[in-house]
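Chemist: Got a predicted model here, sequence first, then my questions.
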Amino acid sequence: MPSAPPPASAGDGEDDARPAAETVLGAAAIARRAVGPEESSAASRAWWDADADEYQAEHGTFLGDDDFVWCPERLREADAHLLGDPAALRGARVLEVGCGAASCSRWLARAGARVVGLDLSAGMLRHSRAADGRTGVVVPLVQADAGAIPLRDGSVDVAFSAFGAIPFVADPAAVMREVARVLRPGAPWVFAVNHPMRWMFPDDPGPDGLTVSQPYFDRTPYAEVDEDGRAVYVEHHRTLGDRVADVVGAGLVLERLVEPEWPDEWPDGLDAVWGQWSPLRGRLFPGTAIFCCRRPW
């Protein structure tokens, strides 16, 4: 469940303080410009391959090897049941879109589901294989773009995404259409993304992150680029209305929109700050939007 990284600082002599991916990929500046599907996909593949080790080192304890945490607010599927009756998941064919290290998929596999994890990044899937070894729960994996899911029509009973893929694709409507295609009639599709209103604020968990810095309706992507202007990291913004339009346009039904509230208590040993998420911001406005959808019968 990544969010936009801090601004690139190439050339300031502080590479050790920057994310490893920024250094490896040569991030030199922030650009607000159009980024098409091919450039966006290439940037995401390279970024998450380069960032996988650091991401897991920073967030692996929070996510666990076989836990299902929907968002930094720590809403867990074991409590929320957003995918439906847990008993109905036993034997169900489940697809996780943008699985990363597949901790959510592994939790579902323990519950008896037949899960496949899909991710663009070989680096992130490598961490999934390592978690397979630690837990003894093996999740079948597919390396593919979320806009071209290599599964048969109507072959999936449940699909979900916990901050995977959707914020990083230039054409999220295509992802919705692909998910709708592979779902059987009546099957749920639940996905969690950064709450669109967060786009207005800086990625700062402190007081400076409480001041609006850009228009909510500005859909220009956030991109980090190298010295030649090539995108090395891209995150795309869609308004709430856009997300709903993408869902409905794919022939899906939106049944519920969940905006998790910040927890009053935080588990011992875990840092309450996750990138731009923090108690300060979380208690004032939402950081996550979870869309609970279904392919109609």
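Modeler: Okay, I see it.

Chemist: Now the phi/psi pair for Cys292, please.
Modeler: phi -100, psi 110 (degrees, to the nearest 10).

Chemist: leaving aside the residues next to it on the chain, what's closest to Arg198?
Modeler: Leaving aside its chain neighbours, Arg198 sits nearest to Gly287 (6.0 Å; criterion: C-beta to C-beta, 6 or more residues apart in numbering). Backbone N, C-alpha and C define where each C-beta goes, glycine included.

Chemist: Isn't that neighbour up against Cys71?
Modeler: Yes: if you go by C-beta atoms under 8 Å, Gly287 and Cys71 touch, sitting 7.3 Å apart.

Chemist: Overlap in contacts, those two.
Modeler: Here Gly287 and Cys71 share the contacting residues Pro260, scored by C-beta atoms under 8 Å, 6 or more residues apart in numbering.

Chemist: tell me which element Ser41 is part of?
Modeler: helix 37-63 (DSSP states H and E).

Chemist: distance between that helix and the chain's centre?
Modeler: For helix 37-63, the separation from the chain centroid amounts to 10 Å (computed by C-alpha atoms, centre = their mean, to the nearest Å).

Chemist: Also stretch 225-237?
Modeler: Using C-alpha atoms, centre = their mean, the offset of stretch 225-237 from its chain centre is 18 Å.

Chemist: Not counting that stretch itself, show me its contacts.
Modeler: Counting contacts by C-beta under 8 Å, 6+ apart, the residues outside stretch 225-237 that touch it are 3-5, 10, 21-22, 25-31, 35, 39-40, 42-44, 46-47, 167-170, 172, 196, 199, 218-224.

Chemist: Kindly report the same for stretch 242-258.
Modeler: With C-beta under 8 Å, 6+ apart as the criterion, stretch 242-258 contacts 75, 80, 82, 172-173, 176-177, 179-180, 189, 193, 196, 219, 238, 240, 289-296.

Chemist: In helices only, show me those.
Modeler: The members of these that map onto helices under DSSP state H are 80, 172-173, 176-177, 179-180, 240.
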